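S.K.: Show me the folded form of this:
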Amino acid sequence: MATGYDFKTYLSSVDPKNSYDIEPLQGGLVNYTVRAKKTSKSHRGIFRRHKSLILKQAPDFVAAAGPSLPFSKERQKVEAAALQVLDPSGPLGHVGENEMVITPTLIRHDEDNSVIVMKDLEENMGPLITLWDFLKNPQGSRDHVALICGVLGRRTGSFLAKLHRKVVRGIILGTYGAGLSNPLAHTFTRSLVRDAAVDTLQERIATVNAEAAKHLADRVAADFDRENMEFESCFGIGDFHPGSILVAPWMPKHSFPYPLAVMGWEFATSDGRGVNGDLAHFLAPLHLLALSTDVDSLCSVATRTFIDQMTTAYSKVTTRVVSRDPKSPEVRQDLALLRSALIMHGREIINQAVEKDWAREDDFTKEMISLGAWYLERAGDSVSNMVEEENWTLLQSGEDQGKLLSVFTFC
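M.R.: Okay, the predicted model is just below:
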């Protein structure tokens, strides 16, 4: 597969003492991304310590779409800054180290050519696959699968929760000021996501509930379009999904820590949404995966264990208390976050139900659209509407099955 950027020529200009083979990588939409494997035996040059590199080049448009969809190159400065702040030597390096979560290591940021060069994680960690592929195809005994997925879930949940803490946002603002607010990527993604994930909802909901479709779709649009409430803004990954995590393939025997890396920081922002953004978005496809397979299957064991341990770990770091009769500003704020999280989770359940191939010949897709609509219904038109007795009772009825609501403590 070819890319729209000549990485071989670029490398020969910055590292003329070495030669490389270029392997385009899949998964990235906005940038051109490749693995560069060194073919020369020279121990000289600016990348002399590395046998393999990962390079990203940011064109002034979305790489997967071409020039018809412009996108500022400024986005790469934010990604480079995010990688630096998360580096073991950076101000947030302890967040990943404490949870044994690896983030890409930035080697070089060439602003003139809009290229970033990173360490190839596979050089030290061996082959890696996405968490999605890992959970879909587990191998080993039920105990082995549950053990590994429990550990990975706990580490992921704790890492994400610590990333979302106010103190982390404070460190970033103190280090970069508004430099990590990522306004250009924010503006672009709002437009792109609205087209793909918000404006499509009315038609999708109408396949199961034509009468409520417009009202529920408008509810999603209102939450999407509003400005962040000050108390909810946090350092967010921005586009966090099971493909953002890389892990080692299944092994008959394992050694801890099991390799775990979080990728894709080009949409990171200090003005992100946490429990009602990164987490609610990330859980939606896993929620569907857990429901799409037989409850006794290894895939179900793997996915449900990962979700359970991830949400448990997240809630231990970040406590969210909600009540119908809030006695403090903090509880009122958590109610607002709960309502927004319900909307995000419901939205993405509907979209993922339609867009992914679940290899089912029954009414699974429609059933999952109905499930997504259930979350949107429970959110109500406002917090006061959400906490009305009948709706509050339905919210705690068990429909969620411990997926999203378990990160909130109901009083």
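S.K.: how about low-confidence regions in the stretch 1-150 of the chain?
M.R.: Counting by pLDDT under 70, the stretch 1-150 of the chain contains low-confidence ranges at 1-2.
S.K.: Where do the strands of the stretch 101-250 of the chain begin and end?
M.R.: Secondary structure of the stretch 101-250 of the chain (DSSP state E, counting those that start in this stretch): strands at 106-110, 115-119, 129-130, 233-236, 245-247.
S.K.: hmm, who's touching the last one?
M.R.: By CB atoms under 8 Å, 6 or more residues apart in numbering, the surrounding residues in contact with strand 245-247 are 121, 128-131, 134, 152, 156, 258-263. Bear in mind the C-beta positions are built from the backbone N, C-alpha and C, glycine included.
S.K.: quick one: contacts for the nearest residue to Phe282 once chain neighbours are set aside?
M.R.: Nearest non-adjacent residue to Phe282, counting by CB to CB, 6 or more residues apart in numbering: Phe240, 4.8 Å away. Residues near Phe240 by CB under 8 Å, 6+ apart: 160, 264, 278-279, 281-282.
S.K.: I'd like the distance between Phe240 and Thr269.
M.R.: As defined by CB to CB, to the nearest Å, Phe240 lies at a distance of 12 Å from Thr269.
S.K.: same deal with Gly28?
M.R.: Using CB to CB, we find Gly28 at a distance of 18 Å from Thr269.
S.K.: cool, and Ile54?
M.R.: Per CB to CB, Ile54 is found 22 Å from Thr269.
S.K.: same question, Ser114
M.R.: Distance from Ser114 to Thr269, by CB to CB: 19 Å.
S.K.: Those two - which one has more neighbours?
M.R.: Ranked by neighbour count (other CB atoms under 10 Å), Ser114 and Thr269 place Thr269 first, with 24 against 20.
S.K.: surely the more buried one meets Gly236?
M.R.: Yes: taking contacts as CB atoms under 8 Å, Thr269 lies within contact range of Gly236: 5.7 Å.
S.K.: OK, contacts around Gly45?
M.R.: 15-18.
S.K.: Now the buried members of the residues you listed.
M.R.: 15, 18 (16 or more other CB atoms under 10 Å).
S.K.: could you check the distance from the residue nearest to Val193 when sequence neighbours are not counted over to Arg273?
M.R.: Nearest non-adjacent residue to Val193, counting by CB to CB, 6+ apart: Phe224, 7.6 Å away. In this view, Phe224 and Arg273 are 10 Å apart by CB to CB.
S.K.: next one: Phe364
M.R.: 29 Å.
S.K.: Settle it for me: which of those two has more neighbours?
M.R.: A side-by-side neighbour count of Phe364 and Arg273, using other CB under 10 Å, places Arg273 first with 24 against 15.
S.K.: Now flag whichever of the contacts of strand 245-247 is closest to Arg339.
M.R.: Thr156 (24.6 Å; CB to CB).
S.K.: how many other residues sit next to the closest one?
M.R.: Thr156 has 24 nearby residues by other CB under 10 Å.
S.K.: That one contacts Met100, correct?
M.R.: No: using CB under 8 Å, Thr156 makes no contact with Met100, being 10.6 Å away.
S.K.: Which neighbours do those two have in common?
M.R.: Leu260.
S.K.: Just the CA trace of stretch 345-363, in CSV.
M.R.: The C-alpha trace of stretch 345-363 is given here as CSV (Å, rounded to 0.1, in the frame of the first residue of the first chain):
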residue,chain,number,x,y,z
HIS,A,345,-22.6,6.0,25.6
GLY,A,346,-26.1,5.7,24.0
ARG,A,347,-25.0,7.6,20.9
GLU,A,348,-22.0,5.4,20.3
ILE,A,349,-23.9,2.1,21.0
ILE,A,350,-26.3,3.1,18.2
ASN,A,351,-23.5,4.1,15.8
GLN,A,352,-21.3,1.1,16.4
ALA,A,353,-24.3,-1.2,16.2
VAL,A,354,-25.0,0.0,12.7
GLU,A,355,-21.4,0.5,11.4
LYS,A,356,-19.7,-2.7,12.6
ASP,A,357,-20.3,-6.1,11.2
TRP,A,358,-21.5,-8.2,14.1
ALA,A,359,-21.7,-11.4,12.1
ARG,A,360,-25.3,-12.0,13.2
GLU,A,361,-28.3,-12.9,11.1
ASP,A,362,-31.0,-12.0,13.8
ASP,A,363,-32.2,-8.6,15.0
